[in-house]
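**Q** Starting from these lines, generate the structure:
(chains A, B, C and D)
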2 protein chains.
Amino acid sequence: MHSSPEAFAHRVAELIDRLARLTRELQFVHGLNPAQWEALRFLARANRYSRSPGALAEFLGTTKGTASQTLIALENKGYIARARSDTDRRAMHLELTPEGQALLAQDPILTIEQAAGRLSGEVGNPLVQGLSRLLHDLQHKNGIKEFGVCGDCTLLCVKGQAAAPDESSQCGLTGDSLSTEDVARLCVNFQRHDA
Amino acid sequence: MHSSPEAFAHRVAELIDRLARLTRELQFVHGLNPAQWEALRFLARANRYSRSPGALAEFLGTTKGTASQTLIALENKGYIARARSDTDRRAMHLELTPEGQALLAQDPILTIEQAAGRLSGEVGNPLVQGLSRLLHDLQHKNGIKEFGVCGDCTLLCVKGQAAAPDESSQCGLTGDSLSTEDVARLCVNFQRHDA
DNA sequence: CAACAATAATTTCGAGTCGCTATTATATTG
DNA sequence: CAATATAATAGCGACTCGAAATTATTGTTG
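**A** Numbering: from 1, shown residues only, chains lettered A, B, ... in the order given. Now for the predicted structure:
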């Protein structure tokens, strides 16, 4: 089953294209559309600085107007709550409601997750690596901002051996202390180490 | 870099979801939308029995009405020609025009293909295998008809050692002889061997 | 320190697009 | 002629974009 590099690249592109179409279709369930599902997922994983319409727009690679519409739809359905920020009253702060949290258990992406779970182990690591690099490469070439977690971020400052383990690090941009839960969340201000 | 099976599956699903979104966005170029690009690609790869609106609708997993719209748009732009079939005057027969053929050189999926070409060889085969099985599994679970080439099809009859190599096989469904080019094309009537 | 301009975060609104469903037109088959 | 199959068309709802408009913050300048 050896094949030329061109045939390999062609096949990969074709498979991704078809998976993309299918993935999109799977997300028209429970009265939500793909953008709304992605917003829900994003809000579940983003840190407090990033749960805003603007950050969502960047994450989705869409316009702020569209992101706003998506959020209004989610609010009307009771899956998120929107409130003005106290510190900057232009800003909107977004949170999942318990209903929104619960809905994530029905996330259609779990279908894909289950299918992935059925793959035999041998295929495992190269699959993830290949997809990661592909995505990264394409995002970079298309000027799409990358979201990442504190661990990979240039802005993270470690405060030596702090007394409280929950405050061992802080964000160099905002100066805030970061809990262990914080550092595992996605951030708009992310800057990759090696970039 | 070892991780649990659950984390693996989760990561794969996330990567595919994000690649899906990006893949879709890349396809809004040259005045075409993703469905129109897929239709163009399909018509370039389908055999003569399959270049019809109905077959396209099945391939795209959409309705005939929507497929019809897509085809009208492509005809208006001059990329395909539509003509009534001679044998069955209900049926529409579709062909790429030279302009349509030429446009495929600008196919945005080539961006993905190039990115895939940049992946190192080691990642190669397991990546294709993983994606193939994932797609197959998901298509099966969602009752999506599979399109394939004659080589993998139950209906293919081989005529022993025929004189002309171009007519060494025929389709068990239509009875037609198949050229070597024919057998490499996608077919609506495809039935997988092991299915 | 008040007035003013520049920047920023978000929403609103109108226009265009997409895809679905239902209906109609046309052709085939028994 | 009735039943079936295929495709075109019309109408509808939902989504996305892009361009103002709204409200708040920041910086500047006399």
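**Q** Only C-alpha atoms from now on, for both contacts and neighbour counts.
**A** Will do.
**Q** mind listing what residue A:97 touches?
**A** Residue A:97 makes contact with A:78-81, according to C-alpha atoms under 8 Å, 6 or more residues apart in numbering or on different chains.
**Q** Most neighbours out of the residues you listed, which is it?
**A** In terms of neighbours by other C-alpha atoms under 10 Å in any protein chain shown, the contacts of residue A:97 top out with residue A:80 at 22 neighbours.
**Q** Surely that residue is in contact with residue A:100?
**A** Yes. Counting by C-alpha atoms under 8 Å, a contact exists between residue A:80 and residue A:100, whose distance comes to 6.2 Å.
**Q** Distance to residue A:113, secondary structure and pLDDT added to the contacts of residue A:97, as TSV?
**A** Shown next, in TSV, are these (distance: C-alpha to C-alpha, whole Å; DSSP: H, G, I helix; E, B strand; the rest coil; pLDDT from 0 to 100):
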residue	distance to residue A:113	secondary structure	pLDDT
A:78	26	coil	91
A:79	23	coil	94
A:80	24	strand	93
A:81	28	strand	93
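**Q** and which of those is nearest residue A:110?
**A** Residue A:110 has its nearest neighbour among the contacts of residue A:97 in residue A:79, at 18.5 Å by C-alpha to C-alpha.
**Q** Could you tell me the end-to-end distance of stretch A:94-111?
**A** The stretch stretch A:94-111 measures 27 Å between its terminal residues, going by C-alpha to C-alpha, to the nearest Å.
**Q** now do stretch A:87-102
**A** Between the start and the finish of stretch A:87-102 there is a gap of 30 Å, counting by C-alpha to C-alpha.
**Q** Work out the gap between that stretch and the centre of the chain.
**A** Distance of stretch A:87-102 from its chain centroid, counting by C-alpha atoms, centre = their mean, to the nearest Å, is 16 Å.
**Q** Which SSE is immediately downstream of the top helix by length along chain A?
**A** Looking only at chain A and at elements set by DSSP state H, the helix with the highest residue count is helix A:5-26. Past helix A:5-26, heading to the C-terminal end, the next element that is a helix or strand (DSSP states H and E) is helix A:34-45.
**Q** What helices and strands are in contact with that next one?
**A** Identification of packing neighbours for helix A:34-45 by 3 or more C-alpha pairs under 8 Å, 6 or more residues apart in numbering or on different chains; DSSP states H and E yields helix A:53-60, helix A:64-76, strand A:92-96.
**Q** can you count the residues close to whatever residue of chain A ends up closest to chain B?
**A** Closest approach of chain A to chain B (C-alpha to the nearest C-alpha) occurs at residue A:20, with a separation of 4.0 Å. In terms of burial, residue A:20 registers 22 neighbours under the definition other C-alpha under 10 Å.
**Q** check contacts around it.
**A** By C-alpha under 8 Å, 6+ apart, the residues touching residue A:20 are B:16-17, B:19-21, B:23-24.
**Q** got these as a markdown table, with distance to residue A:49 and pLDDT columns?
**A** What follows is those, written out as a markdown table (distance: C-alpha to C-alpha, whole Å; pLDDT from 0 to 100):
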| residue | distance to residue A:49 | pLDDT |
| --- | --- | --- |
| B:16 | 26 | 92 |
| B:17 | 24 | 91 |
| B:19 | 25 | 90 |
| B:20 | 26 | 91 |
| B:21 | 24 | 90 |
| B:23 | 28 | 90 |
| B:24 | 28 | 90 |
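**Q** a markdown table please, covering those residues and showing distance to DNA strand D.
**A** Conversion of these to a markdown table gives the following (distance: C-alpha to the nearest atom of the strand, whole Å):
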| residue | distance to DNA strand D |
| --- | --- |
| B:16 | 17 |
| B:17 | 14 |
| B:19 | 15 |
| B:20 | 13 |
| B:21 | 10 |
| B:23 | 13 |
| B:24 | 11 |
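**Q** As JSON lines, these with distance to residue A:44 would be great.
**A** What follows is the contacts of residue A:20, written out as JSON lines (distance: C-alpha to C-alpha, whole Å):
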{"residue": "B:16", "distance to residue A:44": "18"}
{"residue": "B:17", "distance to residue A:44": "16"}
{"residue": "B:19", "distance to residue A:44": "19"}
{"residue": "B:20", "distance to residue A:44": "20"}
{"residue": "B:21", "distance to residue A:44": "19"}
{"residue": "B:23", "distance to residue A:44": "24"}
{"residue": "B:24", "distance to residue A:44": "24"}
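**Q** Now the common contact residues for residue A:80 and residue A:100.
**A** Between them, residue A:80 and residue A:100 share no contacting residue under C-alpha under 8 Å, 6+ apart.
**Q** Which per-residue confidence value corresponds to the residue nearest to the spatial centre of chain A?
**A** What sits nearest the mean C-alpha location of chain A, by C-alpha atoms, centre = their mean, is residue A:42, with 4.8 Å. You'll see residue A:42 listed with a pLDDT of 94.
**Q** what's the answer for residue A:163, then?
**A** For residue A:163, the pLDDT comes out at 47.
**Q** Thanks again, I'm all set now.
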